[in-house]
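Q: Give the three-dimensional model of this entry:
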Amino acid sequence: GGFLDCALVDSAATLTSLTALLALFGSDKPRRLGSESYLVVPSAVFETSDGEYLQVVAVNERHWEALCTALEHPEWLDDSRFADNAARVANRALVNERVREAIATRSAREWIERITREGGLCECVREIGEAWADPLLGERRLVGRLQDETLGGFSFPLVSLAGTPDPGALALGPGLGEHTEDVVRELAP
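A: Here you go, the predicted model:
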């Protein structure tokens, strides 16, 4: 046993760490951008033709080139307004408008396949249930599964600590009153 201090504020603050450096050093005043990144463009959520949403990110020039190729807009590579990340940040609205128009022409599955094949970064925005059903979370020991005679099988979030058993090895605790007679016998004089 031990004390585990896991505040949600710690996680949230960590997710903003790069932008926080700009604010803490006073070099910039980052503002709210929703799903977008303050530091790279594009980095936003775009709707596909089938009504799904994709998070598309170009962290570096290789990702931008892959995105332009996948979206079938190689001319964007020669456009001075998109020449590098600094230019794309300065022209954020235009970049996002162009990417939005292109992404709206195909399904999420098609774009994920095309963009990742070219070496770009994108992923479908999922509902909470979809995200927590991802087998990767089980592999990472973030989701456990238990079988109960009354409730059936169910999954639940885990807090994994070093040395804890494999989630597949977990068992339900005793039912209400299951060991009462045994405990009373032990305590009787």
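Q: Next secondary structure element downstream of the worst-scoring helix or strand of the chain on mean pLDDT?
A: In the chain, the helix or strand scored least confidently by mean pLDDT, DSSP states H and E is strand 152-157, which has a mean of 61. Heading C-terminal from strand 152-157, the first helix or strand you meet, by DSSP states H and E, is helix 180-187.
Q: That next one - what's its average pLDDT?
A: In this model, helix 180-187 has an average pLDDT of 89.
Q: Counting by contacts, list what that helix packs against.
A: If you count contacts as 3 or more C-beta pairs under 8 Å, 6 or more residues apart in numbering; DSSP states H and E, helix 180-187 packs onto no helix or strand. C-beta here means a position set from N, CA and C on the backbone, and glycine is covered the same way.
Q: So what's the gap between it and the chain middle?
A: 49 Å (C-alpha atoms, centre = their mean, to the nearest Å).
Q: Can you pull the phi/psi pair for residue 123?
A: Note on residue 123: its backbone torsions stand at phi -160, psi 150 [degrees, to the nearest 10].
Q: so what's it bridging to?
A: Beta bridges link residue 123 to residue 55, judged by DSSP bridges.
Q: What about it, how many residues nearby?
A: 14 (other C-beta atoms under 10 Å).
Q: List the residues that contact it.
A: 54, 55, 112 (C-beta atoms under 8 Å, 6 or more residues apart in numbering).
Q: so what's the first one scoring on pLDDT?
A: You'll see residue 54 listed with a pLDDT of 96.
Q: Next, count neighbours for it.
A: Neighbours around residue 54, by other C-beta under 10 Å: 20.
Q: And the residue lying closest to it once chain neighbours are set aside, how far from residue 12?
A: Excluding its sequence neighbours, the residue lying closest to residue 54 (C-beta to C-beta, 6 or more residues apart in numbering) is residue 122, at 5.0 Å. Separation of residue 122 from residue 12 (C-beta to C-beta, to the nearest Å): 24 Å.
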